[in-house]
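>>> got a sequence here, can you build the structure:
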Amino acid sequence: MNAFEKMIHFLQAEAEAPETFGVFHIIAFAVIMVAAVLLCLEFRDCDAKTYRRIVLAAWIVMVICEIYRELVFSMDVEDGVAVWDYAWYQFPFQLCATPLYVFPLVALLPEGKLHDAVMFYVATFAFFGGLVVCIYPGDVFCDYIGINYQSLLHHGLQVIIGALTIVYNRNRYLHKHYFYAVAVFAALLSVALVLDVVGYHVLVSNGMDDTFNMFFISPYFECTLPILDTVYTAVPYPVFLAIYVLGFMLVSAIIFYTSRFIINKAGSAKCSLKTKAA
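Got it, this is the predicted structure:
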């Protein structure tokens, strides 16, 4: 077994999967929430350059962790030899994986509508995706020790950067920004659907025995997301897809307009205090 194979074997260390709402989960969730609050307090008035650097740093960490994740799920050591068998069911294009593609756009795109669109996508859809997993990891937890840390770090960064993006943009929350975010979601969803259709026909024809279900909207594999899994089996596929899209739009609208309401209330209270002080 060479050094690389030993490394793979080490990275695949196993233990009993942590329990949802167990000690590991609760501590990790608390750390994520505290980190989000501290980062927002420290950088709430940062300039664009600093904000972009923070997002870029988070993206680099995510990419490194994703490479580790792909290695763990796709490589194994058999008889002292590393064997590669790509785990297509782990292909990184779920809703929670979209920061891998969106964060660099937030960090590098020039100011403008497209930059606003990806920023507010991060503050709504991506933020929601990360928060849900942090609150209820479910089957995200597994027997691989490192993957459990990677999963919570990845989704935790979604929450932290999403919260920072909300605070960073607190003085420019306009109705149009929500629809910009929806447009980004629609584009990513369309890519996922194309991948599902093309991937199914290409991979199955080559003997794939894994599921390939990006965004969990494949017409060929059942959705396994809570609540939506019941919808998938109860209604025709086009109806399921419509409910899926409208559901995510609704939740993201709640996040957007709740943030906007809190920001406006905080601004009004601040102005009131200044008036009284004067």
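
>>> leaving out chain neighbours, which residue sits closest to L109?
The shortest distance from L109 to any non-neighbouring residue, by Cβ to Cβ, 6 or more residues apart in numbering, is to H115 (4.3 Å). In short, each C-beta sits where N, CA and C put it, glycine included.

>>> now the strands for the stretch 1-150 of the chain?
Taking DSSP state E, counting those that start in this stretch as the test, the strands found in the stretch 1-150 of the chain are 75-78, 81-84.

>>> which of the ones you listed is buried the deepest?
strand 75-78 (a mean of 14; mean count of other Cβ atoms under 10 Å).

>>> who are the packing partners of that strand?
helix 3-11, strand 81-84 (3 or more Cβ pairs under 8 Å, 6 or more residues apart in numbering; DSSP states H and E).

>>> still on that earlier bit, quick check, pLDDT for the residue nearest to L109.
Confidence at H115, expressed as pLDDT, is 98.

>>> one more: D139?
88.

>>> same question, the one 4 residues further on
What the model reports as pLDDT for D143 is 93.

>>> quick one, longest helix in this structure?
Ordering each helix of the chain by length in residues (DSSP state H) puts helix 237-277 first.

>>> figure out how far that one is from the centre of its chain.
Distance of helix 237-277 from its chain centroid, counting by Cα atoms, centre = their mean, to the nearest Å, is 19 Å.

>>> before we move on, back to that, does the residue nearest to L109 really touch A107, like I thought?
No: at 9.9 Å, H115 does not count as touching A107 under the criterion of Cβ atoms under 8 Å.

>>> follow-up on the earlier one: now render the strands of the stretch 1-150 of the chain as CSV, adding mean pLDDT.
Below are the strands of the stretch 1-150 of the chain laid out as CSV (pLDDT from 0 to 100):
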stretch, mean pLDDT
strand 75-78, 78
strand 81-84, 79
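
>>> reformat those strands as JSON lines; add distance to A126.
Output for those, formatted as JSON lines (distance: least, Cβ to Cβ, whole Å):
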{"stretch": "strand 75-78", "distance to A126": "29"}
{"stretch": "strand 81-84", "distance to A126": "30"}
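
>>> near the residue lying closest to Y121 once chain neighbours are set aside, how many other residues are there?
Spatial nearest neighbour of Y121, chain neighbours left out: V184 (4.0 Å); criterion: Cβ to Cβ, 6+ apart. Using other Cβ atoms under 10 Å, V184 is surrounded by 23 other residues.

>>> how far away is V184 from V55?
15 Å (Cβ to Cβ, to the nearest Å).

>>> can you check T98 too?
14 Å.

>>> what about the residue nearest to Y121, which SS state?
helix (DSSP: H, G, I helix; E, B strand; the rest coil).

>>> ok, back up a step: elements contacting the longest helix of the chain?
Using 3+ Cβ pairs under 8 Å, 6+ apart, helix 237-277 is in contact with helix 127-135, helix 175-205, helix 228-234.
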